[in-house]
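>>> Task: produce atomic coordinates for the following.
(chains A, B, C and D)
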Number of protein chains: 2
Amino acid sequence: MVRPGHWGVRARVERFSEPALLLLLRERPTHGYELLEALPDLTGEARVDMGNLYRVLRALEEDALVTSRWESGEPGPAKRTYELTAEGRRLLDEWAAALRGSRQRIDTFIDRYEGR
Amino acid sequence: MVRPGHWGVRARVERFSEPALLLLLRERPTHGYELLEALPDLTGEARVDMGNLYRVLRALEEDALVTSRWESGEPGPAKRTYELTAEGRRLLDEWAAALRGSRQRIDTFIDRYEGR
DNA sequence: CATTACATGTGTCTTTTACATGTAGGGAGA
DNA sequence: TCTCCCTACATGTAAAAGACACATGTAATG
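Numbers count the residues shown, from 1 in each chain, chains lettered A, B, ... in the order given. So this is what the prediction gives:
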């Protein structure tokens, strides 16, 4: 969005859906579609792109940060339920630390913006 | 960075160098290279890509958010000094508001991460 | 006069995000 | 039963954002 005429301001944190995902999964094992509905509470966005969400979940699984199993007992389409691994929890911890840093930078910015 | 094996965590705010730039310019008119050196204080990063920085500055000028003039009096290579316009100040205000929102979302995340 | 620091830029590739579309099971009502 | 909608998972691709590489010229330093 460097080309002129596109100065829309969003102040999004890069790949924020990723730690949000991990946090939701730490709370309890969940399937993709449910995450999709729960994410806006954390991200503040209307909704997360579901295509990318499923891709992230599969990539996380490929690196053993989550595990999954098919849930077919309940009515409706079969669901793939994801669960956080110990490694995944460590990644979440890293994110939490990094986000504290972000918060600090934003605070610095706002203080300076307000002339303090 | 969705492909497996690339879980580096940075928690960067998207296009954060943009409001940082505007804030520095509000404090006083400055040229590109000086901004380049002053930005890390605000962004917390080693350095901003200078190529992109100059591109953003020109795009900002094209939309009258900043103005520039060549400064050739001093010794050394000629400098293009940028100055914030009233419109630019409004964009900075928008960013500040959006960043307060970001801060709020990060707080929510961390509170929930800490189990509160 | 070679090297380094200052200063402004262009070109291009990769990563990340957004938008569009496809497949399929099951429930509700015409 | 047929159509429509909702759930659920997934791929393909375009656009935006960022990273990397390099070009050009001035001046100061050793």
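
>>> confidence score at the residue nearest the centre of chain A?
Note on chain A: the residue nearest the mean C-alpha position is A:S17, at 2.2 Å, using Cα atoms, centre = their mean. Looking at A:S17, its pLDDT stands at 96.

>>> give the contact list for it.
Residues counted as contacts of A:S17 (Cβ atoms under 8 Å, 6 or more residues apart in numbering or on different chains) are A:L39, A:T43, A:V48, A:N52, A:L53, A:V56. Where you see a C-beta, it was placed from the backbone N, CA and C, and this is true even at glycine.

>>> and what of A:E62?
Listed by Cβ under 8 Å, 6+ apart, the contact partners of A:E62 are B:P4.

>>> Just put the contacts of A:S17 in JSON lines and tack on secondary structure and pLDDT.
JSON lines is the format used below for the contacts of A:S17 (DSSP: H, G, I helix; E, B strand; the rest coil; pLDDT from 0 to 100):
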{"residue": "A:L39", "secondary structure": "helix", "pLDDT": "95"}
{"residue": "A:T43", "secondary structure": "helix", "pLDDT": "93"}
{"residue": "A:V48", "secondary structure": "coil", "pLDDT": "90"}
{"residue": "A:N52", "secondary structure": "helix", "pLDDT": "96"}
{"residue": "A:L53", "secondary structure": "helix", "pLDDT": "96"}
{"residue": "A:V56", "secondary structure": "helix", "pLDDT": "96"}
